[in-house]
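Visitor: sequence first, then the predicted structure:
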Amino acid sequence: MANIVTSVCCVVLAAVVVVYAQRRSQQGARIQYARIGSDVTMLCGSLDNDTSVTWKVNGTDVKARRREEGPWLTLMEVDMISNGLYSCFQNSDDQRRDQITLRIGLPPREPQVTCRSNTYPKGFYCSWHLQHPTYIPTEFEVNVQHNLKSLEVKRDEVHKNRCHVKFPELFSTFPYRVNVTAVNALGKASTATSFEESSMVKPDPPEKVVARPIPNNIRRLEVTWSSPSTWPDIDNFPLKYFLRYRPLIRDQWQHVELSDSTSHTITDAYVGKEYIIQLAAKDMEVGTWSDWSVAVHATPWTEEPKPITSTTEAYVQIAETTPSSAPPSAKPRVGVARGGCSALLCSSHILLVCILLSIMWYVTSPTSAVHYLGQPSPWG
């Protein structure tokens with residue numbers, strides 16, 4: 001077991017050393033950029049034109065289509081596979097003379113630019129992106145003008161492709177002109193566009209949206225929310241709201257527009273159906289609607305079902321608690337003996353008693369005893 005652990009540790013240590021060495025080598029290497037599909041020529045330091053050298057890429061032989069001439073290495077029609085660390089060694093002493101990190105990419109195209117104010121009336125922000133990747137580091141230069149004056153631009157600390165600008169004045173009729181230039185080692189491209197103040201105003205969605213059932217109301221839902229926390233002055237610049245809701249069983253939304261309110265009661269919900277609810281916000285006077293808030297779900301109040309009694313229990317309960325519709329008759333029914341016995345059975349009992357009494361009387365009578373003694377015995 002100890003040998004296995006030792007071997008694993010040695011392998012990991014060796015890998016770390018290799019990575020560290022490569023990074024150290026790359027730090028000392030100069031960077032050369034090339035466009036995809038072009039031919040790239042690299043020179044081994046400042047060696048003379050007749051110096052014989054050997055080239056390697058990432059520590060291995062160069063296998064790409066190439067042309068070598070003295071200290072020069074030309075790669076033909078490079079692509080992304082050509083990226084790497086190229087090293088050259090002088091053949092006379094086998095010493096490394098130079099290192100070049102080759103980065104393959106593309107020049108930028110015109111960036112897409114949008115500007116929006118979610119903190120009206122404090123300011124607005126502009127963001128941009130490239131529709132096509134460049135594969136190499138690309139920087140952006142931003143310039144914003146209003147009424148022929150350049151405005152201060154503050155780059156966002158989190159989003160590298162975003163900047164913030166304060167409004168120099170409110171309700172201005174002059175447009176804001178924004179120019180964004182993308183620049184990298186292979187070229188640059190610019191986009192210039194203009195925005196009206198009113199068109200940039202777009203709040204963030206409402207927050208803390210909650211939907212609750214209303215007790216004892218099977219078709220109502222109470223919806224509450226808060227204005228977006230990024231909106232700085234809700235008192236002087238109030239928002240209006242747009243609420244949409246639908247049951248999950250349907251695709252069609254129902255809509256309600258609300259002015260300066262952060263609650264609403266839905267009164268036409270389907271009984272017992274789960275609903276999905278969202279809200280959007282907009283300045284009362286200018287701008288556009290926000291995106292929809294995060295969807296919430298709710299179901300109207302339903303009465304809890306009562307416990308179900310079994311059929312046998314129900315029958316026994318009815319039999320024990322239901323009174324008779326009429327009192328029992330005082331006269332016995334014909335053919336039914338009172339006391340619970342039939343007429344035939346009672347008559348048989350009376351006849352048997354009479355016979356037994358007759359026998360007892362005959363046996364105990366003196367006359368019958370003399371007559372019996374005077375008779376000859378049947379056994380002689």
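Guide: Great, that's in hand.
Visitor: CA atoms for contacts and neighbours, from now on please.
Guide: Fine.
Visitor: can you give me the helices for this structure?
Guide: 2-28, 197-200, 311-321, 343-364, 366-373 (DSSP state H).
Visitor: worst average pLDDT in these?
Guide: Per-stretch mean pLDDT for these is lowest at helix 366-373 (a mean of 40).
Visitor: touching, Pro121 and Phe167? I think so.
Guide: Yes: using Cα atoms under 8 Å, Pro121 makes contact with Phe167 at a distance of 7.2 Å.
Visitor: and for the two, which residues touch both?
Guide: The contact sets of Pro121 and Phe167 do not overlap (Cα atoms under 8 Å, 6 or more residues apart in numbering).
Visitor: residue contacts, Trp289?
Guide: Each residue near Trp289 by Cα under 8 Å, 6+ apart is listed here: 202-203, 280-283.
Visitor: make it 10 Å
Guide: Shown in contact with Trp289 (Cα atoms under 10 Å, 6 or more residues apart in numbering): 201-205, 240-242, 280-283.
Visitor: swap in Thr114?
Guide: 125-129, 162, 178, 193-195, 200.
Visitor: kindly report the same for Ser38.
Guide: Per Cα under 10 Å, 6+ apart, neighbours of Ser38: 75-79, 104.
Visitor: so what's the spatially closest residue to Pro300 that is not a sequence neighbour bridging to?
Guide: Spatial nearest neighbour of Pro300, excluding adjacent residues (Cα to Cα, 6 or more residues apart in numbering): Pro213 at 4.7 Å. Per DSSP bridges, the residues bridged to Pro213 are Leu221.
Visitor: pLDDT score assigned to Pro213?
Guide: pLDDT, Pro213: 97.
Visitor: can you pull out the strands in the stretch 51-200 of the chain?
Guide: For the stretch 51-200 of the chain, strands defined by DSSP state E, counting those that start in this stretch occupy the ranges 53-57, 60-61, 66-69, 72-75, 84-90, 95-105, 112-116, 123-129, 139-146, 149-150, 154-155, 162-166, 176-184, 187-195.
Visitor: so which of those gets nearest Ile218?
Guide: strand 112-116 (42.2 Å; Cα to Cα).
Visitor: now the closest one: how far from the chain's centre is it?
Guide: 27 Å (Cα atoms, centre = their mean, to the nearest Å).
Visitor: same thing with stretch 32-40?
Guide: The answer for stretch 32-40 is 44 Å, by Cα atoms, centre = their mean.
Visitor: output that stretch as CSV, restricted to C-alpha atoms.
Guide: This file holds the C-alpha atoms of stretch 32-40, laid out as CSV (Å, rounded to 0.1, in the frame of the first residue of the first chain):
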residue,chain,number,x,y,z
GLN,A,32,2.6,36.6,-31.9
TYR,A,33,-1.0,36.8,-33.2
ALA,A,34,-2.2,35.5,-36.6
ARG,A,35,-5.5,35.4,-38.4
ILE,A,36,-7.2,32.1,-39.1
GLY,A,37,-6.4,30.9,-42.6
SER,A,38,-3.3,33.0,-43.1
ASP,A,39,0.4,32.0,-43.4
VAL,A,40,2.5,32.8,-40.3
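Visitor: low-scoring stretches of this protein, by residue?
Guide: By pLDDT under 70, the weakly predicted segments of the chain are 1-27, 306, 308-380.
Visitor: no more questions from me, cheers.
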